[in-house]
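1. curious how this folds, go ahead:
(4 chains)
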There are 2 protein chains.
Amino acid sequence: MCVIISLTEENYLKAIYTLSHLFEESEVSTNQISDHLNNKAATVTDMLKRLAEKKLIHYIPYQGVKLTEKGRQTAIKVIRKHRLWEVFLVDKLQFKWDEVHEIAEQLEHINSDELIQRLDKFLGKPKFDPHGDPIPDANGQLNVVKAIPLNQHKIKGQFTFVGVCEHSKTFLQHLTSIGLKIGDVLKVEEINEFDNSFKVKINKNNSQFFSNKVASNILVEIKK
Amino acid sequence: MCVIISLTEENYLKAIYTLSHLFEESEVSTNQISDHLNNKAATVTDMLKRLAEKKLIHYIPYQGVKLTEKGRQTAIKVIRKHRLWEVFLVDKLQFKWDEVHEIAEQLEHINSDELIQRLDKFLGKPKFDPHGDPIPDANGQLNVVKAIPLNQHKIKGQFTFVGVCEHSKTFLQHLTSIGLKIGDVLKVEEINEFDNSFKVKINKNNSQFFSNKVASNILVEIKK
DNA sequence: CTTAAAATTTAGGCTAGTCTAAATTTTTGT
DNA sequence: ACAAAAATTTAGACTAGCCTAAATTTTAAG
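-> The predicted structure follows:
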């Protein structure tokens, strides 16, 4: 029941979880993991053997890897902690949304169920983190986000900005400089046929152009 | 300037700091450290060599060890983080004072100056942790507590309860069950000559007896 | 369908941090 | 002051995580 899972192992499980959702394939490869975690394939192979030993993954040599239910629960719990701490950092300590990732990467490994339960309550049981990513509940249930990138809507109309695909500091800072925050209403007034840029009005402000690249990393829902 | 200090090294520095203050001697011995950290003397010797290499301690084989200024600053910073997080856990998350130590032992190693600065501000720049221990300031200055154990006052009179010598869960729970909290006023009405127990009134409540052992672990100041 | 390229694993080595057992140094008791 | 006890260090071994280089397996291209 209570196998001890190290910080490093938690990071591997999180990586496998993230990659399997990123590419919408259940099997994740050794190279995908080594790229994601910035270490060597041989190192990953070592760890996969250990994780399989602990029944946290299903591992077939040369084939790939996927999480067991126990592995998935562990990964989800780390993600829950990461996102709750991000809410804490932004809502309570007034960090900006582009400043919290590195600190949350540390805090996500703090091990105390009681702490997380109380932190969740203290924050008002938030459903989304500062980047719009859903926070898994205490039972490991995760809302599936049905939002899609702005550039996949080929029509004019009104949308709500609910999340980002790209989480890099530079992209988030760019959105801040544009004046865009989670929850803003985006009115697409024009889609430029030449470069597929989007002419957009944020809330009631002046309209401006979003490059297709920016539009492809902004998740929106059709405004109700 | 920026030597990386591991979590384990931080724990050794904190142990050396704590022990040197506990026994009011600048030199700390290998055995004291190994007892305090629950590992073997040989393990400690290894680590002392590494810490000396990094100029965090002055180490003379067979003689003992003391912190360099850099080692002291590092230790103090860990203690500052530990105590600030304890305030967070008690004041914001409503943990009890006997529940926070283990979690703070983890949180004290989170590495972000910006985080600590903001946490400090969020908590209202507290000067003491939930057990009455002083919180070092951002420059590593630590208020010296001039309180002494209740049983060293051989006289009747009024005192303020400002801290504890013993931080164990059972002792803290015992104080809670007695109804004693930091800041309470203690009126010593009688000192029993037979067993050196203290008849004490807490605030305006009924008086009760404190064993000498309890009295020796309660830090008080003479009430102004 | 065969072979070159790509992906993966194996083999062997490194460091940090731990241990036990043996050797050494310091302290203490008479 | 000297032997026994206590404290400390050295030597050698182990695990977790990482690495490089070589071997193996899978994939892909002609």
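2. so is the top helix by length along chain A next to chain B?
-> Assignment by DSSP state H gives helix A:69-87 as the longest helix of chain A. No - interface with chain B: helix A:69-87 contributes nothing (CB under 8 Å from any CB of the partner chain), its closest point being 9.8 Å away. C-beta coordinates here come from the backbone N, C-alpha and C atoms, glycine included.
3. remind me what that helix packs against, helices and strands.
-> Contacts defined by 3 or more CB pairs under 8 Å, 6 or more residues apart in numbering or on different chains; DSSP states H and E place helix A:69-87 against helix A:7-22, helix A:101-107, helix A:113-122.
4. in the last one, which residues are buried?
-> It stands for helix A:113-122. Judged by neighbour count (16 or more other CB atoms under 10 Å in any protein chain shown), helix A:113-122 contains these buried residues: A:L115, A:I116, A:R118, A:L119, A:D120, A:F122.
5. now stretch A:34-51
-> A:S34, A:H36, A:L37, A:V44, A:M47, A:L48, A:L51.
6. closest to A:Y62 out of the residues you listed?
-> A:L48 (11.3 Å; CB to CB).
7. pretty sure the closest one sits in a helix.
-> Yes - read with DSSP: H, G, I helix; E, B strand; the rest coil, A:L48 is one of the residues of a helix.
8. quick check, A:K187 in contact with A:T160.
-> No - counting by CB atoms under 8 Å, A:T160 is not a contact partner of A:K187; they are 10.8 Å apart.
9. thinking again about what came up before, gap between the longest helix of chain A and the chain center?
-> 11 Å (CA atoms, centre = their mean, to the nearest Å).
10. report the inter-axis angle for that helix versus helix A:113-122.
-> 50 degrees (axes from the mean of the first three to the mean of the last three CA atoms, to 10 degrees).
11. whether helix A:69-87 contacts DNA strand D - can you check?
-> No - using CB under 7 Å from any atom of the strand, helix A:69-87 stays clear of DNA strand D, coming no nearer than 13.3 Å.
12. show me which residues of that helix are buried.
-> Across helix A:69-87, burial judged by 16+ other CB under 10 Å covers A:70-87.
13. for the residue nearest in space to the middle of chain A, give its distance to A:S177.
-> The residue lying closest to the centre of chain A (CA atoms, centre = their mean) is A:D133, at 5.4 Å. Distance from A:D133 to A:S177, counting by CB to CB, to the nearest Å: 21 Å.
14. ok, A:E166 next?
-> Taking CB to CB as the measure, A:E166 falls 15 Å from A:S177.
15. these two: which is more packed in?
-> Legend: neighbour count by other CB atoms under 10 Å in any protein chain shown for A:E166 and A:S177, higher for A:E166 (15 against 8).
16. tell me which helix or strand that one sits in.
-> Using DSSP states H and E, A:E166 maps to neither a helix nor a strand.
17. how about it: what's its closest non-neighbour residue?
-> In space, and not counting its chain neighbours, A:E166 is closest to A:N217: 4.2 Å by CB to CB, 6 or more residues apart in numbering or on different chains.
18. do A:I5 as well
-> A:T74 (6.0 Å).
19. quick one, what contacts that neighbour?
-> A:I5, A:E10, A:L13, A:L56 (CB atoms under 8 Å, 6 or more residues apart in numbering or on different chains).
20. A:V65 in helix, strand or coil?
-> A:V65 carries the three-state label strand when classified by three-state DSSP.
21. right, and it touches A:V28 too?
-> Yes - A contact is recorded between A:V65 and A:V28 when judged using CB under 8 Å, the distance being 5.3 Å.
22. what do these two both touch?
-> Counting by CB under 8 Å, 6+ apart, the contacts common to A:V65 and A:V28 are A:I16.
23. of the helices and strands packed on helix A:69-87, which is nearest B:K199?
-> Nearest of the helices and strands packed on helix A:69-87 (CB to CB): helix A:113-122, 37.6 Å.
24. what residues does chain A put near DNA strand D?
-> A:6-9, A:38-40, A:42-43, A:46-47, A:50, A:62.
25. if we can go back for a sec, pLDDT and distance to B:I222 added to the buried residues of helix A:113-122, as TSV?
-> Output for the buried residues of helix A:113-122, formatted as TSV (pLDDT from 0 to 100; distance: CB to CB, whole Å):
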residue	pLDDT	distance to B:I222
A:L115	98	38
A:I116	98	43
A:R118	98	37
A:L119	98	40
A:D120	98	44
A:F122	98	38
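26. looking at those residues, spot the one nearest A:H101.
-> Closest to A:H101, out of all of the buried residues of helix A:113-122 and judged by CB to CB, is A:L119, at 17.7 Å.
27. please report how far the closest one lies from B:G64.
-> In terms of CB to CB, A:L119 sits 42 Å off from B:G64.
28. next one: A:N203
-> From A:N203 over to B:G64 the distance is 66 Å, taken as CB to CB.
29. between the two, who's got more neighbours?
-> Using other CB under 10 Å as the criterion, A:N203 and B:G64 rank with B:G64 on top: 20 against 13.
30. give the contact list for the residue lying closest to A:V28 once chain neighbours are set aside.
-> Take A:V28 and drop its neighbours on the chain: the residue closest to it by CB to CB, 6+ apart is A:L19, 4.6 Å away. Shown in contact with A:L19 (CB under 8 Å, 6+ apart): A:V28, A:Q32, A:I33, A:H36.
31. please convert the helices and strands packed on helix A:69-87 to TSV, extending it with distance to B:N143.
-> Shown next, in TSV, are these (distance: least, CB to CB, whole Å):
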stretch	distance to B:N143
helix A:7-22	34
helix A:101-107	28
helix A:113-122	28
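32. now distance to DNA strand C too, for those helices, in a markdown table please.
-> Below are the helices and strands packed on helix A:69-87 laid out as a markdown table (distance: least, CB to the nearest atom of the strand, whole Å):
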| stretch | distance to DNA strand C |
| --- | --- |
| helix A:7-22 | 11 |
| helix A:101-107 | 16 |
| helix A:113-122 | 23 |
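33. where in chain A is pLDDT low?
-> Judged by pLDDT under 70, chain A has its weakly predicted residues at A:1.
34. please parse it into its domains.
-> Annotated domains of chain A cover A:7-67, A:80-134, A:148-222 [automatic domain parsing].
35. most neighbours per residue, which of those domains?
-> domain A:80-134 (a mean of 18; mean count of other CB atoms under 10 Å in any protein chain shown).
36. how distant is that one from the center of its chain?
-> For domain A:80-134, the distance to the chain centre is 13 Å (CA atoms, centre = their mean).
37. and stretch A:61-71, by the same measure?
-> 21 Å.
38. what does that stretch contact?
-> Defining contact as CB under 8 Å, 6+ apart, one finds that stretch A:61-71 is touched by A:13, A:16-17, A:20, A:26-30, A:33, A:48, A:51, A:55-59, A:75.
39. now do the end-to-end distance for it.
-> Terminal residues of stretch A:61-71 lie 18 Å apart, using CA to CA, to the nearest Å.
40. stretch A:131-151 now?
-> Distance across stretch A:131-151, first residue to last, is 19 Å (CA to CA).
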